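Visitor: sequence plus the predicted model coming up.
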Amino acid sequence: MRVLGLHNVKYTEKALVDASSHLRGLVVDYVLEHYRKPLGGIPGNMCGRELIALEYASDATDGEGSVRGPSTYARMMRNTNKYAGITELHALSALLDAVIVVHYSGGDGRHELLDTLKRGPSHLIILHVLFDPQTKHYSPILCSELSTEKG
């Protein structure tokens, strides 16, 4: 995390909000830097433009249908009232060199792995999020929550 400037953070509420805002900015910048090239620089990965078009340009929810290019995307995503989506999770996976496991609510055990840099299961960082298809919201899952879900 040192590379993202988040090391030595004291975990007060303000520090967590500031760190979250900083990380959000880095993720948006990463998507924009990869607007016309594959995320992670890996051939076969989608580029930022394709991810934005798939996720936001066709969705009329919350005015997202008006996202037509990098400037409207950046304006929308820099608004802290807007939830991040799959586009931003792919970028976060690449930024952190992490695998992100997306669990789907409903209790059927469905999940999806986001491994933008395609390094396989040897990652040191594995993040878990829960996706609720009704609200279209991703929530972080703490490791202790995962262990209690299985038992």
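Guide: Right, received. Where do you want to start? Residues are numbered from 1 along each chain as shown.
Visitor: in the protein, which helix or strand is least confident?
Guide: Ranked by mean pLDDT, DSSP states H and E, the weakest helix or strand in the chain is helix 143-150, scoring a mean of 44.
Visitor: this protein: strands as residue ranges?
Guide: Secondary structure of the chain by DSSP state E: the strands cover 99-104, 111-114, 126-132, 137-141.
Visitor: which residues sit in contact with the closest residue to Ile42 other than its chain neighbours?
Guide: Sequence neighbours aside, Lys118 is the residue nearest to Ile42 in space, at 5.8 Å (criterion: C-beta to C-beta, 6 or more residues apart in numbering). C-beta coordinates here come from the backbone N, C-alpha and C atoms, glycine included. By C-beta atoms under 8 Å, 6 or more residues apart in numbering, the contact list for Lys118 reads 40, 42, 45.
Visitor: per-residue confidence at Lys118?
Guide: pLDDT for Lys118: 72.
Visitor: state the distance from it to Gly41.
Guide: Computed as C-beta to C-beta, to the nearest Å, the Lys118 to Gly41 distance reads 11 Å.
Visitor: and the lengthiest helix in the chain, how far out from the chain middle?
Guide: Longest helix in the chain, counting residues (DSSP state H): helix 13-33. Offset of helix 13-33 from its chain centre (C-alpha atoms, centre = their mean, to the nearest Å): 11 Å.
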